[in-house]
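A.B. asks: Fold the following and give me the result.
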Amino acid sequence: MVKEGIVLGHKVSSKGIEVDNAKVELIEKLPIPQSVKGVRGFLGHAGFCRRFFKDFSKIAKPLTTLLLKDVSFEFNDACLHVFNVLKEKLTTAPIVSAPNWDLPFRIMCDVSNDALGAVLGQRVEKKFHTIYYASRTMNDAPHNYATTEKELLAVIFAIEKFRPYLLLSKVIVFTDHSALRYLLSKQDAKPKLLRWILLLQEFDFEIQDRKGSKNTVADHLSRLDRGYMEDMHDFPLRDEFPDEHLYAINAKGEPWFADFANVLAGNAIPSHLTYQ
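C.D. replies: Residues are numbered from 1 along each chain as shown. I've put the predicted structure just below:
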C-alpha cells in the first residue's frame, strides 16, 4: 500500500498535505526577475502554494505593485527582500491537514474594509486543524455595502472557494456579526442578498457568532493594507489552478485513488479489478 505520493500537485502523506519538494527546488532556482513577465511568472509559481501561507498577498505586495499599469519596473531592495522571503517560506511551509470526510467542516470568516479572509478546518480531539487559508482583496463596489452585507460576502467567498470540500458535508460557519443569522432568514431581503442566499441553499450549514477577538486567524487574513490598491486596475493574480480542485466523495476507508496509486507504484493489478 502506498503511504505517500504527489496528488494534484501537492505531497500527501499520513502527516497531511505539504508543498511538493520538486516545486520548491524549481522555485529556488528561479533567477531574479528582470521584467514584469518574470515577476508574474515567479508569483504564479509561488502562488500555487499560497494555501499554505497566511499572509501571501501582504508579503508579496512589493512584487504585485510591479504588475500595476503605468508603474515603471524597478526591482529595488524591497522587491529583492520579498523575492528571497517567499523562497525561504516555501522551504518552511507548514503541513496542513487532509480533510476527514466523516467530520463537519468549520469555516472562520471575517471582513475588513478592503479584504476578505477565510480559514477552512476541522475540529479533531478538541483542536482546530487547518486545511486551507484563503484571502482576497475587494474591488470598489463592496465598499458601499453595509457591515452585514460585507459579512455575508465573506461567507459567500469562503463557500465558493472551499466548495469542493463542502458538498455533502456538514458545515459550521463562524462570523463576527450575529445579525447575519437574522439576515439569512429574512423574507424581504434585497434582490442582491437573495441571490447570495440562494447560492448557499445547496449546502448543509449553520451560522455561529464568534467575536473578532476569538476569530484571530481569519481577522489576520482580512486586515490587508490597501495602499497599493488605490490605483490598481483589474489584473487579479490567479489563486487557484485547474489541477488544484479537490472533489468531495462520499467514501470511508481508503481513498478512491488508492488502487490507481498501487498499480502505478507496484505494477500489480488488484484482484477485484478486471482488465482486457
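
A.B. asks: And the helices in this protein?
C.D. replies: Assigned by DSSP state H, the helices in the chain fall at 21-28, 36-47, 56-59, 61-65, 77-91, 147-161, 163-166, 179-185, 191-199, 216-222, 258-266.

A.B. asks: Check which residues of the first one are buried.
C.D. replies: Of all the residues in helix 21-28, those buried under the rule 16 or more other Cβ atoms under 10 Å are 23, 24, 27. Quick note: C-beta positions are derived from backbone N, CA and C, even for glycine.

A.B. asks: ok, now how distant is the second one from residue 32?
C.D. replies: Just to be clear, that refers to residue 24. 18 Å (Cβ to Cβ, to the nearest Å).

A.B. asks: likewise the first one?
C.D. replies: In this structure, residue 23 and residue 32 are 19 Å apart, going by Cβ to Cβ.

A.B. asks: Surely residue 12 and residue 20 touch.
C.D. replies: No. Using Cβ atoms under 8 Å, residue 12 makes no contact with residue 20, being 9.7 Å away.

A.B. asks: okay, and the common contacts of the two?
C.D. replies: Shared contacts of residue 12 and residue 20 (Cβ atoms under 8 Å, 6 or more residues apart in numbering): residue 6.

A.B. asks: For the closest residue to residue 136 other than its chain neighbours, name its beta-bridge partners.
C.D. replies: Sequence neighbours aside, residue 116 is the residue nearest to residue 136 in space, at 5.7 Å (criterion: Cβ to Cβ, 6 or more residues apart in numbering). Taking DSSP bridges as the rule, residue 116 bridges to residue 111, residue 136.

A.B. asks: so what's residue 14 scoring on pLDDT?
C.D. replies: Predicted confidence (pLDDT) for residue 14: 72.

A.B. asks: so what's it up against?
C.D. replies: Applying Cβ under 8 Å, 6+ apart, the residues contacting residue 14 are 3, 4.

A.B. asks: any low-confidence regions in the stretch 51-200 of the chain?
C.D. replies: Along the stretch 51-200 of the chain, the model assigns pLDDT under 70 to residues 53-55, 58, 93-95, 114, 139-140, 143, 176-189.

A.B. asks: make it 80
C.D. replies: 51-61, 89-97, 110-117, 135-149, 175-200 (pLDDT under 80).
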